[in-house]
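Engineer: I would like the atomic coordinates for the input below:
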Amino acid sequence: EVQVVESGGGLVQTGGSLRLSCAASGTTFEKNAIGWFRQAPGKEREGVSCIGISSGGTFYADSVKGRATISSDNAKNTVYLQMNNLKPEDTAVYYCAVGDPGPTALCGGWETWGQGTQVTVSS
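Structural biologist: From the prediction side, this is the model:
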């Protein structure tokens, strides 16, 4: 059984930083893509960033480009999302997902989701 556990959320002031962690188990980590998504109250879930574990390729949404860095520690089956210069509009529940993007895509095929971690940015 694949399990995904997020951690690292919290309350931070505008301009601060957080590092979110996503630990995956029960899967062949190197075959996967790992994605970060977020959902703010009253809004739809949006994709934030993703990484292809075997390729190392990354994607960032425009809303976080230049402020976020996604990375993986394959030995720990863990992906990190470093968020800097946080803004109040970054406030949301952040979810991690494990996917099988297939042979040609970087990310996608999201199959297993974590429970989420709350990020709150105060102004």
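
Engineer: Tell me where the model's unsure across the protein.
Structural biologist: For the chain, no stretch has pLDDT under 70.

Engineer: which residues of it fall in strands?
Structural biologist: Listed in chain order, the strands of the chain (DSSP state E) span 3-7, 10-13, 18-25, 33-39, 46-52, 58-60, 68-73, 78-83, 92-99, 110-113, 117-122.

Engineer: Now tabulate those strands in a markdown table and tack on mean neighbour count.
Structural biologist: (Each C-beta comes from the backbone N, C-alpha and C, glycine too.) Supplementary listing: these in a markdown table, determined by neighbours: other Cβ atoms under 10 Å:
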| stretch | mean neighbour count |
| --- | --- |
| strand 3-7 | 17 |
| strand 10-13 | 13 |
| strand 18-25 | 19 |
| strand 33-39 | 23 |
| strand 46-52 | 21 |
| strand 58-60 | 17 |
| strand 68-73 | 18 |
| strand 78-83 | 22 |
| strand 92-99 | 23 |
| strand 110-113 | 16 |
| strand 117-122 | 17 |
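
Engineer: contacting residues around A33?
Structural biologist: Contacts were defined as Cβ atoms under 8 Å, 6 or more residues apart in numbering; by that measure A33 touches 50-53, 98-101, 105-109.

Engineer: Identify the bridge partners of it.
Structural biologist: Applying DSSP bridges to A33 gives these bridge partners: G52, G99.

Engineer: From V119, how far off is it?
Structural biologist: For A33, the distance to V119 under the criterion Cβ to Cβ, to the nearest Å works out to 22 Å.

Engineer: who touches S54 in this structure?
Structural biologist: For S54, the contact set (Cβ under 8 Å, 6+ apart) comprises 30-31.

Engineer: one more time with 10 Å
Structural biologist: With contact taken as Cβ atoms under 10 Å, 6 or more residues apart in numbering, S54 is in contact with 28-33, 72, 74, 101.

Engineer: now F29
Structural biologist: With the criterion set at Cβ under 10 Å, 6+ apart, F29 makes contact with 53-54, 72-79, 98.
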